[in-house]
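Asker: The sequence and its predicted three-dimensional model are supplied below.
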Amino acid sequence: MPDSAGGVFLADCPARLAIDIISNKWAVVVLFALSRRPRRHGELVDLVGGVSRKVLTQTLRRLQSYGLIERHAYAEAPPRVEYSLTDLGQTLTEPIAALTDWAKTHGAAVANFQEAAQQDTATSST
């Protein structure tokens with residue numbers, strides 16, 4: 001009997017592309033940070049705790065290559081660059097909000113399971 005998931009296991013499946021995009025550690029956080037308004041690189045560094053400038057730049061370039069964000073360079077002195085979501089990027093705000101709601105609702109349960117698993121591992125290894 002064929003798997004009901006259909007082609008999601010195929011290499012060229014759009015679902016795998018979506019998973020690849022959101023599985024990046026910083027992508028969803030950056031997209032969420034841009035969901036309300038355009039932001040400058042420095043603002044994003046401050047807003048997204050723990051990301052280095054280099055990794056943020058890589059993440060922004062990757063999201064730009066997917067057509068999810070735009071880079072706007074203004075002809076000013078000193079130069080000013082802002083990043084914003086494209087129309088396509090805006091379509092991810094609802095799924096990201098759903099993931100955020102899930103994390104708010106179930107995050108403590110996941111953390112409890114992780115803690116219990118770590119304790120079980122520590123107990124069984126002694």
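Answerer: Alright, I've got the coordinates.

Asker: all contacts plus neighbour counts: C-alpha atoms, from now on.
Answerer: Noted.

Asker: So which bits of stretch 34-49 are buried?
Answerer: Buried positions in stretch 34-49, judged by neighbour count with 16 or more other C-alpha atoms under 10 Å: Leu34, Ser35, Pro38, Arg39, His41, Leu44, Val45, Val48.

Asker: okay if I get those residues as a markdown table plus distance to Gln64, pLDDT and secondary structure?
Answerer: A markdown table is the format used below for the buried residues of stretch 34-49 (distance: C-alpha to C-alpha, whole Å; pLDDT from 0 to 100; DSSP: H, G, I helix; E, B strand; the rest coil):
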| residue | distance to Gln64 | pLDDT | secondary structure |
| --- | --- | --- | --- |
| Leu34 | 13 | 97 | coil |
| Ser35 | 15 | 94 | coil |
| Pro38 | 14 | 97 | coil |
| Arg39 | 14 | 97 | strand |
| His41 | 14 | 96 | helix |
| Leu44 | 15 | 97 | helix |
| Val45 | 17 | 95 | helix |
| Val48 | 18 | 92 | coil |
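
Asker: Specify which member of the residues you listed is nearest to Glu94.
Answerer: Nearest to Glu94, judged by C-alpha to C-alpha, of the buried residues of stretch 34-49 is Ser35 at 9.9 Å.

Asker: Show the backbone phi and psi for the closest one.
Answerer: The phi/psi pair for Ser35 (degrees, to the nearest 10) reads phi -70, psi -20.

Asker: give the contact list for it.
Answerer: Counting by C-alpha atoms under 8 Å, 6 or more residues apart in numbering, Ser35 touches Ser84, Leu85, Gln90, Thr93.

Asker: quick one: it from Pro79, how far?
Answerer: From Ser35 across to Pro79, the span is 23 Å (C-alpha to C-alpha, to the nearest Å).

Asker: what residue ranges in the chain score low on pLDDT?
Answerer: Scanning the chain for pLDDT under 70 picks out 1-11, 126.

Asker: for it, what spans make up the strands?
Answerer: 39-40, 69-74, 80-85 (DSSP state E).

Asker: rewinding a little: which one (most neighbours) among the contacts of Ser35?
Answerer: Within the contacts of Ser35, Leu85 tops the neighbour count with 27 neighbours, counted by other C-alpha atoms under 10 Å.
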